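Novice: kindly generate the corresponding structure for this input.
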Amino acid sequence: MLERAGVTLVGEHVKHIAVGRVASAEISAVGFQREDIDINILSPSKVPVLYRLLEDNGLFKIEFNPQEVGSYIMDVYITGVKIQDSPIFFKAYDSGLIQVSDVGSGIVGQPCQFRVDASQAGEGQLEIS
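Specialist: I've put the predicted structure just below:
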């Protein structure tokens, strides 16, 4: 693990992201160059994921586009050594896969019942209002 001063993950180790939208992580690595950084991202089906690496004065932004529901794992290496904050986990969800059924007629202000199946939508928080 790389524990040098100035090399840290900016933000959370676990992120919830939407399928089809750009996901990103930022690494602060002052004094290192783009060529020093290697990224490995695996999709939920264990397929390597393409990414884009942007750099601005020692702050490196890694972007990728999740295409399937589930957990993505990103390992970050600097000069061949995994950084201390690696791996970074991304939990991808697709709210379009939530199924609502058994909706009867209702009356405003009165309780009603229905079924919600979010089993294929991925991990996340579902709110009903």
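
Novice: and the lowest-mean-pLDDT helix or strand in the chain, what's buried?
Specialist: The helix or strand of the chain with the poorest confidence is strand 7-10; it has a mean of 80 (mean pLDDT, DSSP states H and E). Buried residues in strand 7-10, counting neighbours by 16 or more other CB atoms under 10 Å, are found at V7, T8, L9. (Each C-beta comes from the backbone N, C-alpha and C, glycine too.)

Novice: helices and strands around it, which ones?
Specialist: Judged by 3 or more CB pairs under 8 Å, 6 or more residues apart in numbering; DSSP states H and E, strand 7-10 is in contact with strand 23-29.

Novice: quick one, what contacts K91?
Specialist: K91 makes contact with V14, K15, H16, I17, G70, S71, Y72, G122, E123, G124, according to CB atoms under 8 Å, 6 or more residues apart in numbering.

Novice: where do the strands sit along this protein?
Specialist: Taking DSSP state E, the strands of the chain run over residues 7-10, 14-18, 23-29, 37-42, 52-56, 59-64, 70-78, 81-82, 88-93, 99-101, 115-117.

Novice: tell me the angle the fifth one makes with strand 23-29.
Specialist: To tie it back to what came earlier, the one meant is strand 52-56. Between the axis of strand 52-56 and that of strand 23-29 there is an angle of 40 degrees, by axes from the mean of the first three to the mean of the last three CA atoms, to 10 degrees.

Novice: parallel or antiparallel, list what pairs with strand 52-56.
Specialist: Each strand pairing with strand 52-56, determined using DSSP bridges, is listed with its direction: strand 59-64 (antiparallel).

Novice: buried set for the strand it pairs with?
Specialist: By neighbour count on 16+ other CB under 10 Å, the buried set for strand 59-64 is F60, I62, F64.
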